[in-house]
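Asks: Fold the following and give me the result.
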Amino acid sequence: MIEKKMKPFIQVYCPECQEMISPGEWTSCPYFEGEKLDVSDTEDAMRQIFRCHVQCDCKIEYSYYEGDTLVTKVEDTIEDPESLRSILSLVAKNKSDQEEGDPKKILLVDDDTDFLEMHTAVLEHRGYKVIAAQSSKECMEKLEETEPDIVILDVMMEQFDSGFKASEKIKQKYKDLPVMLLTSIGAQTSLDFSSSDDVLKVSGADVLLDKPVSPKVLIDEIERLTNK
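Replies: Next up, the predicted model:
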């Protein structure tokens, strides 16, 4: 992923609040009442910022890249919507350039095709690239081919402990590659495997989650493990 962005590419200095306000933080602006700015929708962003600027004479700070150089400018006065449109087009281009970076790759392994289809759709919608496998054997083959950022393994596949064994092999070869285990053993036996340190020690996995797992929990764990 491209990591150029160190701060918001557009901020508004609000004299009412006497602070810089970033998109998504405009709940504190007396004129915006919690509206969110999406610079990909330039027309909507232009209307929101211009309305704020006209009503309370905000200063607008914006940044954009010229090659690899980050340029930051401050406009004290914007006289018409066209001037603001040109600023937002630069900001929107920054956002587009960032999204051209390679997405994180997830190797998702489960012998349940319905699970694979559903969770592939969820993860791809969030911007990940998903490589699906239906067995621990296929997992090891695709691991070499695809070089994923994280592996998510079902525990019970060809055998009762296929995921544990696959995790152990992965960690022996790629110590720093995050591995997440998913299991329905707890639901079937009423035992809490997800909190078992012994299971993680034996398998080498970084985390073990009980199925069914909510998309939010799954994505939060993916981000935690891949952003270390």
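
Asks: Run through this protein and note the low-pLDDT ranges.
Replies: 1-47, 50-57, 65, 67-70, 92-101, 185-199, 202, 228 (pLDDT under 70).

Asks: In it, mark out all the helices, start to finish.
Replies: Using DSSP state H, the helices of the chain run over 42-56, 81-98, 113-125, 136-146, 162-173, 185-189, 197-203, 215-226.

Asks: counting contacts, what elements does the fourth one pack onto?
Replies: When you say that, I think you mean helix 136-146. For helix 136-146, the packing partners by 3 or more CB pairs under 8 Å, 6 or more residues apart in numbering; DSSP states H and E come out as strand 105-109, strand 129-133, strand 150-154, helix 162-173. In short, each C-beta sits where N, CA and C put it, glycine included.

Asks: I'd like to know which of these lies nearest to Glu221.
Replies: strand 150-154 (9.1 Å; CB to CB).

Asks: Just the angle for that closest one relative to strand 129-133, thanks.
Replies: With axes from the mean of the first three to the mean of the last three CA atoms, to 10 degrees as the basis, strand 150-154 and strand 129-133 are set at 40 degrees to each other.

Asks: What strands line up against strand 150-154, and which way round?
Replies: In the sheet, strand 150-154 lines up against strand 105-109 (parallel), strand 179-183 (parallel) (DSSP bridges).

Asks: Just the C-alphas of the first one, formatted as PDB.
Replies: As requested, the backbone C-alpha atoms of strand 105-109 are provided in PDB (Å, rounded to 0.1, in the frame of the first residue of the first chain):
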ATOM      1  CA  LYS A 105      -3.500  -9.800  -0.100                       C
ATOM      2  CA  ILE A 106      -5.300 -12.300   2.000                       C
ATOM      3  CA  LEU A 107      -5.000 -16.100   1.500                       C
ATOM      4  CA  LEU A 108      -8.400 -17.300   2.700                       C
ATOM      5  CA  VAL A 109      -8.600 -21.100   3.300                       C
END
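
Asks: who's in contact with that strand?
Replies: With contacts defined as CB atoms under 8 Å, 6 or more residues apart in numbering, strand 105-109 is touched by 116, 119-120, 123, 128-136, 138-139, 142-143, 146-154, 157, 163, 166, 222.
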